[in-house]
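**Q** 3D, please:
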Amino acid sequence: MLAAAAAVSLAIVAQDHTALRAAPSGSAATHAQLAAGDLVEVRGERLDFAQVYDHRRERAGFVRASQLRAVSTDAADAPGLLAVVRFLRDSPGAEAVGIAHVAAYLKAAPAKLIGSEPFDALGVMAERLARRASVADAGGKSASAAIDTVAQYGVRFASYERQGAITLCYDGEAFRRVLAQQVAAPAHRARAALALTRSDCIDPALPVRARAEHNRWRAEVLDRVDDAAIALLDEPTQQRLHARRASVWATVAFERSRAGEAPQAAAQRAIQELAALNPRELSDDDRALHTEAALRVGAVRWAALPAVSPSSRLTFSLRSGDEAGQTCVLLTDPARSDDAAPLARRCTWGSAWLASARVAADGKTAVLAVQPLDAWTELWVFRATRKGWVVDALPPAAASDTGIGYIEFAGFVPHQPRLMVAREARVDGKSVRRFEVLRLDGSYVAERSATSAQHLTAFVRWPDPAWRQGTVSLR
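**A** Below you'll find the model as predicted:
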């Protein structure tokens, strides 16, 4: 819209519900209601009204001059426009007006003098506007109107539905411009990387291969903020980057496994990034990033370890299933059975982590971590019964729509048919973590449970050493 001739006088509407009237009078008929951030062409003045033309609505009329802010696209006025952008950048509710001033600045400033700052400000305001519009209240309604307004400046959004809720996401064009610049402030580059790699702004309709390619791109974007740039960032931003990297590399590890590629390096990178994170430097609003990172790493952490058979007569092995992409888990006793006649067999479309295999001392129970989905890992329990071996899958949480969580073996209770597990999942937007002692009678009733492992005697006396060393549930 700012492509008009330099001689044309332009103004930005400063207030929502600004009346475009048929005459320069407060009692004149209203042609339209203008929104904050609308750009109008000023064609004259009468009394305390400006005569304007609204190109977006193709309407002419009069607006009170006090409700407009004149803007100039002359190069000499560019510094003043940038100063206004800096003021509005962190002003909730003023996103449309701020974006309008960014557009005016980009028109006025010489191309060689335009750095990453205006694009960073535009991206920050557009992303905040999208978050506000996703809220179903009066603020969300006003933000939705502002989204229609900023469309005239080329700002685009996409909406995604998950579990009955709509999430509105900025398409990230301004942030891509920040990353494309040879010289960009580290803070701007970090904000751009974080904004472009949000997991809640991935199209849920993406095909599997396209999603895997997108997640690889997310990992590359995050790595564009190198160690030298990270050292110049404030502590909260550093922690956000570590948390996001941990989440993304955990997803990449799972997808590599499903594609038949080695997942170890990606899983190890996820674990390292989580270990580098200092949650004490996170704000209350950012703690959800830490929780999501821990859940995703907890679900895939076994991918970083080599598959080692437990020192027992029972052995786990993997075979291709009857359908493409299917993997079958076989439990055998080399002294009594083989792969042709295993003790138990169960198939999955996910990844079975052999490094997680554990067998009870009496040889009647064995467990294995199986990840059917990204960031969702179950515990398969193999039990010997009078009628033969049975296999039960224990989920991280009873809710079926959580999508993020893990359950892991924490130990066997000696001389008792009891199993210790740690569960953690995101349920209804909240993180739930439990340590439980389950009965191994097929019911898997939690005989004892607590939110802290230290509150359960079994977890103090008989935890599996490998679990204590590698779990993220004790963070």
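**Q** buried stuff in the longest helix along the chain?
**A** Criterion DSSP state H: the longest helix present in the chain is helix 235-258. For helix 235-258, burial by neighbour count (16 or more other Cβ atoms under 10 Å) applies to 237-258. In this view, the C-beta of every residue, glycine as well, is placed from N, C-alpha and C.
**Q** which other helices and strands contact it?
**A** Using 3 or more Cβ pairs under 8 Å, 6 or more residues apart in numbering; DSSP states H and E as the contact test, the elements touching helix 235-258 are helix 186-196, helix 208-223, helix 264-276, helix 287-300, strand 351-359.
**Q** Tabulate those in TSV, adding columns for mean pLDDT and distance to Asp54.
**A** Shown next, in TSV, are the helices and strands packed on helix 235-258 (pLDDT from 0 to 100; distance: least, Cβ to Cβ, whole Å):
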stretch	mean pLDDT	distance to Asp54
helix 186-196	97	31
helix 208-223	97	38
helix 264-276	97	50
helix 287-300	94	41
strand 351-359	96	57
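**Q** As TSV, these with distance to Pro79 and mean neighbour count would be great.
**A** Converted to TSV, the helices and strands packed on helix 235-258 look like this (distance: least, Cβ to Cβ, whole Å; neighbours: other Cβ atoms under 10 Å):
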stretch	distance to Pro79	mean neighbour count
helix 186-196	19	22
helix 208-223	31	16
helix 264-276	40	20
helix 287-300	36	24
strand 351-359	56	22
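**Q** Could you export the ones you listed to a markdown table, including columns for distance to Ile147?
**A** Conversion of the helices and strands packed on helix 235-258 to a markdown table gives the following (distance: least, Cβ to Cβ, whole Å):
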| stretch | distance to Ile147 |
| --- | --- |
| helix 186-196 | 17 |
| helix 208-223 | 24 |
| helix 264-276 | 34 |
| helix 287-300 | 24 |
| strand 351-359 | 40 |
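**Q** which one of these lies closest to Ser312?
**A** strand 351-359 (3.9 Å; Cβ to Cβ).
**Q** Adjacent strands (with direction) for the closest one?
**A** Note on strand 351-359: by DSSP bridges, its sheet partners are strand 365-373 (antiparallel).
**Q** got the angle for the strand it pairs with vs helix 235-258?
**A** Strand 365-373 runs at 110 degrees relative to helix 235-258, counting by axes from the mean of the first three to the mean of the last three Cα atoms, to 10 degrees.
**Q** Give me the contacts around strand 365-373.
**A** When contacts are defined by Cβ atoms under 8 Å, 6 or more residues apart in numbering, strand 365-373 is touched by residues 254, 257, 299-300, 302, 310, 312, 314, 316, 329, 331, 348-354, 356-360, 377-384, 393, 403, 406, 408-409, 412, 417, 419, 440.
**Q** of those, buried ones?
**A** Neighbour counting with 16+ other Cβ under 10 Å marks 254, 257, 299-300, 302, 310, 314, 316, 329, 331, 348, 350-354, 356-360, 377-384, 403, 406, 408-409, 412, 419, 440 as buried within these.
**Q** Tell me which helix or strand Val225 sits in.
**A** In the assignment (DSSP states H and E), Val225 maps to no helix and no strand.
**Q** What's the separation between it and Ala266?
**A** Distance check for Val225 against Ala266: by Cβ to Cβ, to the nearest Å, it reads 18 Å.
**Q** For the closest residue to Arg258 other than its chain neighbours, name its beta-bridge partners.
**A** Excluding the flanking residues, the one nearest Arg258 by Cβ to Cβ, 6 or more residues apart in numbering is Ser351, at 6.3 Å. Beta bridges link Ser351 to Gln371, judged by DSSP bridges.
**Q** looking at it, Ser351 is touching Arg256, isn't it?
**A** No: between Ser351 and Arg256 there is no contact under Cβ atoms under 8 Å: 9.5 Å.
**Q** Common neighbours of the two, please.
**A** With Cβ under 8 Å, 6+ apart as the test, Ser351 and Arg256 both reach Pro263.
**Q** just to revisit the earlier point, off-centre distance for the longest helix of the chain?
**A** 10 Å (Cα atoms, centre = their mean, to the nearest Å).
**Q** just stretch 256-269 next, same as before
**A** With Cα atoms, centre = their mean, you get 20 Å for stretch 256-269.
**Q** which sections of the stretch 51-200 of the chain are below the confidence cut-off?
**A** 136-141 (pLDDT under 70).
**Q** Swap in 90 and give it another go.
**A** 133-145, 161-167, 182-183 (pLDDT under 90).
**Q** Which parts of it are strands?
**A** 59-64, 68-71, 157-162, 165-170 (DSSP state E, counting those that start in this stretch).
**Q** Restrict the first one to CA atoms and write it as CSV.
**A** Right, strand 59-64. Coordinates of each C-alpha in strand 59-64 appear next as CSV, following Å, rounded to 0.1, in the frame of the first residue of the first chain:
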residue,chain,number,x,y,z
ARG,A,59,-14.4,4.7,0.4
ALA,A,60,-13.9,8.4,0.7
GLY,A,61,-15.0,10.6,3.7
PHE,A,62,-13.9,12.6,6.7
VAL,A,63,-12.1,11.5,9.8
ARG,A,64,-11.3,13.6,12.9
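**Q** residue contacts, the residue nearest in space to the middle of the chain?
**A** Ranked by distance to the mean C-alpha position of the chain (Cα atoms, centre = their mean), the top residue is Ser199 at 2.7 Å. Ser199 makes contacts with 247-248, 251, 292, as judged by Cβ under 8 Å, 6+ apart.
**Q** next one: Thr377
**A** By Cβ under 8 Å, 6+ apart, the residues touching Thr377 are 298-300, 353, 369-371, 396, 405-408.
**Q** ditto for Pro279
**A** 239, 287, 290, 475.
**Q** Please tell me I have it right and the third one contacts Asp284.
**A** No: the pair His290 and Asp284 fails to qualify as a contact (Cβ under 8 Å) at a distance of 11.1 Å.
**Q** Going along the chain, name the helices of the protein.
**A** 78-88, 95-108, 117-133, 138-150, 173-180, 186-196, 208-223, 227-230, 235-258, 264-276, 287-300, 457-461, 465-470.
**Q** can you pull the buried residues of the third one?
**A** Pointing back at helix 117-133 there. So helix 117-133, judged by 16+ other Cβ under 10 Å, has buried residues 117-133.
**Q** and what of the last one?
**A** The neighbour-count check on helix 465-470 (16+ other Cβ under 10 Å) flags 467, 470 as buried.
**Q** Who's the closest spatial neighbour of Gln33, skipping the chain neighbours?
**A** His17 is the one closest to Gln33 (Cβ to Cβ, 6+ apart), at 5.5 Å.
**Q** what about that neighbour, how many neighbours?
**A** By the other Cβ atoms under 10 Å criterion, the neighbourhood of His17 contains 12 residues.
**Q** do the one 10 residues further on as well
**A** Using other Cβ under 10 Å, Ser27 is surrounded by 6 other residues.
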